[in-house]
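[1] What would the 3D arrangement of this be:
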Amino acid sequence: MTSPGTVSLADLTTMGVGGTPERLVEATTSDELLAAVREAIAGGDPWFVLGGGSNLVASDEGFAGTVVRVATRGVEFLPAESGAVRLRVQAGEPWDDLVALTVAHGWSGMEALSGIPGSTGAAPVQNIGAYGQEVGDSLISVDFLDAESGEFLRIPKANMGLDYRTSVFKTGRVGVITAVEFALIDGAGTSQPIAFPQLAGALGVDLGARVPVADVRARVLELRASKGMVLDAADRDTFSSGSFFTNPIVERAVLDSLPTDAPRWETSAQEPRAQAVPLGETPAPPHPSEPGRVKLSAAWLIEHSGVARGFRLPGSGAAISSKHTLAITNRGSATADDVAELARFVQSRVAAEFGVVLHPEPVLLGLVL
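    Numbering: from 1, shown residues only. As a prediction, this is how the structure comes out:
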């Protein structure tokens, strides 16, 4: 379905800001998606692929080109060895619907990724992760139309350049993911080993314990809701793009200028495992830490630079979430410029206080911080 200049990006994103694109094409099948992207490439004008809109902040000026909205649906069950599950999922399938499906079947590998908004096709682009799991833990391959070569490819995980909240699709390889293949564990309803302290505490178990996948999903949804990270039309704290800044990875020498109580982790601490771990087996040991580099808490840096929860600049419709300092929220009347101005202010405060540069996690369309 093509809609010339009638639907704004504010209506299609969880942040709720953004102008109207020149042309909007909604693809509900894989063939429609491939045709729409090929047509956009051939036309020579700017084009952009939009999934669930949960990781996008778009300019108030709209988009001078074609936005292809991915609305494909479908989960295909593939042959797999005993104890394993393989799925091929269409890119437009809502991510949390997929997680809920796997949990309902008692399969493990995605349970800690519950409640994350957005589409399945966008998950590998961002290498989404939470509470000790990343999409790379269960990812096998993606079906991908390469805009530069025109080839339609099946790209294995090893060639995706997955890292902390990034991939080759985020750093320069242009095209569109049409489907994603996953491998999960049929563990009779038992989760992967709990790998995140906050989640272990919420479940009342030790790190490394296995519990029912349904319990993991329930606790993760509660934790995310407490931080305003589960979409709720009645809660303005959820009108955001999730965590606005990534946790910075810095040289170890930077620690000398930080307070001793500033949280930090070795860069290997949350690296994904190569695959989900069957019952009776233990996760592989973590990779050696990257020499001289550590990960810091962006939320801690923001709070200790003087930017509190609920903070907003005078006259702005954007504010820091009242529940979590990593989220910038639309309080009902925010513009994209309001969001960008607040983000720049946060960056400047953290840089001035700690000498650390925060980088945005969402895609910025027509905006520069």
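
[2] Pull the contacting residues for residue 297.
    Residue 297 makes contact with 247, 262-264, according to Cβ atoms under 8 Å, 6 or more residues apart in numbering. From N, CA and C alone the C-beta is placed, and that goes for glycine too.

[3] Any chance you could list what contacts the helix or strand hosting residue 42?
    Element membership of residue 42 [criterion: DSSP states H and E] is helix 30-43. The set of residues external to helix 30-43 that reach it, using Cβ under 8 Å, 6+ apart, is 25, 27, 47, 49, 65-66, 68, 70, 72, 90-92, 145, 147, 150, 152, 175-176, 178-179.

[4] try stretch 317-333
    The contact list for stretch 317-333 (Cβ under 8 Å, 6+ apart) reads 15-17, 226-229, 236-245, 298-299, 302-303, 307-312, 334-335, 338-339, 341-343, 346.

[5] Just name the closest of the contacts of residue 297 to residue 361, please.
    If you rank the contacts of residue 297 by distance to residue 361 using Cβ to Cβ, residue 247 comes first, at 9.4 Å.

[6] How many residues are close by that closest one?
    If you count neighbours by other Cβ atoms under 10 Å, residue 247 ends up with 23.

[7] what sits against the residue nearest the centre of the chain?
    Centroid-nearest residue in the chain, with Cα atoms, centre = their mean: residue 128, separated by 3.9 Å. By Cβ under 8 Å, 6+ apart, the contact set of residue 128 is 95, 113, 116, 118, 122, 134-135, 165.

[8] swap in residue 14?
    By Cβ under 8 Å, 6+ apart, residue 14 lies in contact with 52-54, 117, 231, 238-242.

[9] Just the mean pLDDT for the top strand by length along the chain, thanks.
    Taking DSSP state E as the criterion, the chain has its longest strand at strand 175-186. Rounded to a whole number, the mean pLDDT of strand 175-186 is 97.

[10] Just the CA atoms of the following helix or strand past it, as CSV, please.
    Per DSSP H and E, strand 175-186 leads on to helix 197-203 as the next helix or strand towards the C-terminus. C-alpha atoms of helix 197-203 as CSV (Å, rounded to 0.1, in the frame of the first residue of the first chain):
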residue,chain,number,x,y,z
PRO,A,197,22.5,-10.0,38.7
GLN,A,198,19.4,-7.9,38.8
LEU,A,199,17.3,-10.6,37.1
ALA,A,200,18.7,-13.2,39.5
GLY,A,201,17.7,-11.1,42.4
ALA,A,202,14.2,-10.6,41.1
LEU,A,203,13.8,-14.3,40.7
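
[11] quick one: helix 197-203 to chain centroid distance?
    21 Å (Cα atoms, centre = their mean, to the nearest Å).
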